[in-house]
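Q: build me a model from this:
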Amino acid sequence: MTHQQQSTAAPPQGRAGASPAVPPQAPPPGSQGRPGAPDAGPPRRTAWAEGVDRLRAGATTEPGRLRIIGAVLAVLVVAFGALTAWQMTDRSAAADDVLHSSQPLSADAADIYRSLAAANTAASSGFLAGGQETKRSRDDYERNIGQAADKLVTAAANSQPGSTSAKTITELNTMLPEYKGLVERARANNRQGFPLGGAYLRYANAKMQTMLDDAERLYKVENQRLRSDYDDATPYPWIAIGAGVVAIGGLVWAQRRNYRRTNRVLNHGLVAATAATTVVLLWLVVGHTVARAGLNDSYDHGVRSLNTLNDARLASLKARSNENLTLVSRGAETKEVVTEAGTQIVDTFDYDFEKQMKALTAKLAAAADLADDSAGVKPVEAATGNMKVWKERHAEAREQDQLGYYQKALDKVIGSKADEPTGECFDSVDKNLDAALTHERAEFEQAAGDGRGAMNGLVVGAAVLAVLAAAGAVLGIGRRLSEYR
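A: Numbering: from 1, shown residues only. Down below sits the predicted model:
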């Protein structure tokens, strides 16, 4: 057989009828899992599942259980410290805002209102004096206008851009020059004896009433902000307290377990951890309770008294302005009011005077009730006595005016001391209210400062002690683990 014949011969076969051998081929992609597809082996397990298995395996031995207990205790104690630091940081910041931000801003808003009302009162008093207004009334007007402008600048600097307060302050800054212009026109006409001066003064007063409405809105907004800061500073940190109770419970359980298994009464590391955690919990509860009491006292006997006294002072300023404008207008301004006797036409400014005097009476009574010591009660009682005399003298002035004795009525309002004018009573009321405000402001600062001071060091102290407690827990468990080596 030739070489060519051998190469073309059929390949050898095995047993009869068997097919030729074919090398195995890899299964096509995606064939796993299909019926008849080759098995690729068990799926690879995740790191989490493997970790859980190790944890279960470790928990079957005492050293493994001790490691788990130590880790849990450390987490509980550190979590307690972190929650304490977080909640007390928020409360400390809110208490600091009460003392150094929101209350001073509320006081500035009240001062803006008072300065504007006082300027309006001084302007009407100077106008009543005739062409030659007194130096005192002129100085009072300029001083109060200047104070209002300065307070508006301070309030604008401390307000948030775009806020309601910022918009109100902008409106006040726009209207203040307009008001001053009307007052100057009233003075110029009054010096020349033109009746138009009275009309300009009434226009100025109408502008001032709009400004006072805006100032009152600003005052209310700042008071709401102050109340919000109190609400943020005073609630108990229940989350941190709960975490502290759980941490101490875990530490006590671990020591009891240790005692039952070893008959050893103390584990120094766990005892130190328990002591540190207990100190933090007690510091948290007692410190916040003291702070809460101080802040609540500053609100009840400080802020509430200040708000009431500010309202009383504003009522007295409005009453004085209306009393002056009653003589300026000479009955030119009237309105209809509904009384028990039916609808009546009344002098607008005299009617508003009576309304403000009723408000002043109510506010002085409330301020006397809120005052908690003789130093606070005494000036309020003095102001109440001045107010009663003021009412009597005002009634005499109104009687003279209605009888047609305008000059006698004028003397009863802005005359010399010998005339027993109502202005003397107003000055005494304002002076005594200022003394009461000074006293209550000092009480607020003292109480709020004490409340804020009770939180000092708590955040840092809680964090440090929590770390030490966690270290103590780990070392205490580590001491037990060393016995198995």
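
Q: residue 110 contacts residue 310, doesn't it?
A: Yes: judged on C-beta atoms under 8 Å, residue 110 makes contact with residue 310 at a distance of 4.4 Å. C-beta coordinates here come from the backbone N, C-alpha and C atoms, glycine included.

Q: need the residues touching each of the two.
A: Listed as contacting both residue 110 and residue 310 by C-beta atoms under 8 Å, 6 or more residues apart in numbering are residue 219.

Q: now the strands for this protein?
A: 334-339, 342-347 (DSSP state E).

Q: can you tell me which of these comes nearest to residue 93?
A: strand 334-339 (49.6 Å; C-beta to C-beta).

Q: and the closest one, what other elements does it pack with?
A: Applying 3 or more C-beta pairs under 8 Å, 6 or more residues apart in numbering; DSSP states H and E, one finds that strand 334-339 contacts strand 342-347, helix 348-370.

Q: what's the angle from the first one to helix 348-370?
A: Taking axes from the mean of the first three to the mean of the last three C-alpha atoms, to 10 degrees, one finds strand 342-347 and helix 348-370 inclined to each other by 100 degrees.

Q: run through the stretch 1-150 of the chain and note the low-pLDDT ranges.
A: 1-45, 47-60, 130-132 (pLDDT under 70).

Q: which ones are touching residue 168?
A: Neighbour list for residue 168: 214, 215, 217, 218, 221 [criterion: C-beta under 8 Å, 6+ apart].

Q: out of the strands of the chain, which is closest to residue 253?
A: strand 334-339 (74.4 Å).

Q: that closest one pairs with which strands?
A: Sheet partners assigned to strand 334-339 using DSSP bridges are listed as strand 342-347 (antiparallel).

Q: so what's the residue count around residue 408?
A: Here the number of neighbours of residue 408 (other C-beta atoms under 10 Å) works out to 17.

Q: surely it meets residue 399?
A: No: here residue 408 does not reach residue 399: they are 9.4 Å apart, not a contact under C-beta under 8 Å.

Q: can you map out the helices along the stretch 1-150 of the chain?
A: 3-7, 47-59, 62-97, 103-128, 135-158 (DSSP state H, counting those that start in this stretch).

Q: save these as TSV, and put in distance to residue 343 too.
A: Converted to TSV, the helices of the stretch 1-150 of the chain look like this (distance: least, C-beta to C-beta, whole Å):
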stretch	distance to residue 343
helix 3-7	135
helix 47-59	83
helix 62-97	50
helix 103-128	29
helix 135-158	37
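
Q: out of those, which gets nearest to residue 392?
A: Closest to residue 392 of those is helix 103-128 (C-beta to C-beta; 19.9 Å).

Q: and the closest one, what does it pack onto?
A: Secondary-structure packing of helix 103-128 (3+ C-beta pairs under 8 Å, 6+ apart): helix 135-158, helix 164-191, helix 196-233, helix 304-329, helix 406-414, helix 422-453.

Q: apply 10 Å and report the result again.
A: helix 62-97, helix 135-158, helix 164-191, helix 196-233, helix 304-329, helix 406-414, helix 422-453 (3 or more C-beta pairs under 10 Å, 6 or more residues apart in numbering; DSSP states H and E).

Q: just put these in TSV and tack on distance to residue 367.
A: Converted to TSV, these look like this (distance: least, C-beta to C-beta, whole Å):
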stretch	distance to residue 367
helix 62-97	26
helix 135-158	23
helix 164-191	26
helix 196-233	16
helix 304-329	5
helix 406-414	26
helix 422-453	7
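
Q: out of these, which one sits most buried?
A: Counting by mean count of other C-beta atoms under 10 Å, helix 304-329 has the highest mean neighbour count of these, with a mean of 25.

Q: which helices and strands does that one pack with?
A: Judged by 3+ C-beta pairs under 10 Å, 6+ apart, helix 304-329 is in contact with helix 103-128, helix 196-233, strand 342-347, helix 348-370, helix 374-402, helix 406-414, helix 422-453.

Q: any chance of the strands of the chain in TSV with distance to residue 124 and mean pLDDT as columns?
A: TSV is the format used below for the strands of the chain (distance: least, C-beta to C-beta, whole Å; pLDDT from 0 to 100):
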stretch	distance to residue 124	mean pLDDT
strand 334-339	18	76
strand 342-347	15	78
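
Q: now for these, which one comes closest to residue 279?
A: Using C-beta to C-beta, the nearest of the strands of the chain to residue 279 is strand 334-339, at 67.1 Å.

Q: show residues contacting that closest one.
A: 343, 344, 345, 346, 347, 348, 349, 350, 351, 352, 355 (C-beta atoms under 10 Å, 6 or more residues apart in numbering).

Q: then it to CSV, C-alphas only?
A: Taking C-alpha atoms only, strand 334-339 is exported to CSV below (Å, rounded to 0.1, in the frame of the first residue of the first chain):
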residue,chain,number,x,y,z
THR,A,334,-64.4,112.9,64.7
LYS,A,335,-65.7,109.4,64.2
GLU,A,336,-68.8,107.3,64.9
VAL,A,337,-68.6,104.8,67.7
VAL,A,338,-71.3,102.4,69.0
THR,A,339,-71.9,102.6,72.7
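
Q: which parts of that strand are buried?
A: Residues of strand 334-339 classed as buried by neighbour count (16 or more other C-beta atoms under 10 Å): none.

Q: how far away from the center of its chain is it?
A: 41 Å (C-alpha atoms, centre = their mean, to the nearest Å).

Q: looking at the helices and strands packed on helix 103-128, which is nearest to residue 274?
A: Per C-beta to C-beta, nearest to residue 274 of the helices and strands packed on helix 103-128: helix 62-97, 9.5 Å.

Q: which strands or helices does that closest one pack on?
A: When contacts are defined as 3+ C-beta pairs under 10 Å, 6+ apart, helix 62-97 packs onto helix 47-59, helix 103-128, helix 196-233, helix 238-262, helix 268-298, helix 422-453, helix 458-481.

Q: can you lay out those helices as TSV showing distance to residue 388?
A: As requested, these are exported to TSV (distance: least, C-beta to C-beta, whole Å):
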stretch	distance to residue 388
helix 47-59	82
helix 103-128	20
helix 196-233	26
helix 238-262	51
helix 268-298	32
helix 422-453	9
helix 458-481	51
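
Q: quick check: which of the ones you listed is nearest to residue 164?
A: helix 196-233 (5.6 Å).

Q: what's that closest one packed up against?
A: Where contact means 3+ C-beta pairs under 10 Å, 6+ apart, helix 196-233 is packed against helix 62-97, helix 103-128, helix 135-158, helix 164-191, helix 268-298, helix 304-329, helix 348-370, helix 422-453.

Q: so where is the stretch 201-350 of the chain shaky, pLDDT-wise?
A: 263-265, 341.

Q: what do you get if the cut-off is 80, keeping everything else the same?
A: 258-259, 261-267, 329-334, 336-344, 346-347 (pLDDT under 80).
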